[in-house]
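Asks: Sequence and computational prediction follow.
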Amino acid sequence: MRLFVAVLPPQEALDELGAAVRPLRAVPESDRLTWAAPTGWHFTLAFLGEVDEALLPGLEERLARAARRHAPYVLRLAGGGRFGDRVLWMGVDGDTAALRRLAGTVQAAARRAGTAVAEEQRFHPHLTIARNRSAVPLRPLADRLAPFQGREWTAASIALVRSHPPAPGVPGAQPRYEALRAWTLGHRPGQ
């Protein structure tokens with residue numbers, strides 16, 4: 001099964017971002033972009049790729065331990081941008097140092113559990129809004145998203161998410177994400 005570990009923003013933050021993104025979808029040529037479904041918006045901490053089901057118990061145990069080592073922290077969706085003309089994204093403000101540390105701990109836990117964590121050149125927390133498979137310039141859209149500042153929210157958990165690929169041959173089909181398990185950040189008695 002294809003898995004990743006993520007921080008999932010609360011629905012209120014996603015609704016706020018959705019209201020900011022909606023007008024971008026009416027911009028000329030934006031219909032040529034593949035827009036990520038708001039139900040799938042997340043911050044990937046570690047992309048694990050295909051994982052053998054036999055590794056799940058050990059992976060879950062290590063992710064639970066990793067979550068207990070980190071306290072909840074405050075974030076906000078803020079500052080849209082782009083990776084060239086390939087990806088339009090929303091950034092994050094707040095305790096980004098805590099988010100980076102959490103990503104490092106999660107990646108190490110997943111490696112120890114025997115998964116092949118995809119190597120990142122540098123962790124760049126972002127939430128993918130749209131992908132560009134054509135020649136649509138993303139700068140104007142990124143410029144419109146850049147001033148966005150969402151409300152603060154507390155990142156209090158991590159989730160192990162399964163990615164179901166989009167239906168083959170269906171134009172505009174999107175992957176579907178299923179949270180398999182979540183762990184609360186911070187030490188709790190009895191854990």
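Replies: Structure received.

Asks: alpha carbons only for contacts and neighbour counts from here, please
Replies: OK.

Asks: mind checking the SS state of the nearest residue to F83 once chain neighbours are set aside?
Replies: Nearest residue to F83, sequence neighbours excluded (CA to CA, 6 or more residues apart in numbering): W89, at 7.9 Å. Assigned by DSSP: H, G, I helix; E, B strand; the rest coil, the conformation of W89 is strand.

Asks: For R151, the count of nearby residues, please.
Replies: Number of residues near R151 (other CA atoms under 10 Å) recorded here: 12.

Asks: ugh, wrong one, I meant V136
Replies: By other CA under 10 Å, neighbour count at V136 equals 16.

Asks: Repeat that for R133.
Replies: With other CA under 10 Å as criterion, R133 counts 12.

Asks: Next, the contact list for it, please.
Replies: By CA atoms under 8 Å, 6 or more residues apart in numbering, the residues touching R133 are 32-34, 86.

Asks: So which residues of the protein form strands?
Replies: For the chain, strands defined by DSSP state E occupy the ranges 2-7, 33-35, 43-50, 73-83, 87-94, 127-132, 153-155, 157-164, 176-184.

Asks: and the gap between the residue nearest to F83 and T128?
Replies: 4 Å (CA to CA, to the nearest Å).

Asks: What are the neighbouring residues in contact with the nearest residue to A67 once chain neighbours are set aside?
Replies: Leaving aside its chain neighbours, A67 sits nearest to L185 (4.7 Å; criterion: CA to CA, 6+ apart). Applying CA under 8 Å, 6+ apart to L185 gives the contacts 67-72, 156-158.

Asks: Next, the buried residues of stretch 31-43.
Replies: 33-36, 40-43 (16 or more other CA atoms under 10 Å).

Asks: Between which two of those residues is the distance greatest?
Replies: L33 and F43 (20.3 Å; CA to CA).
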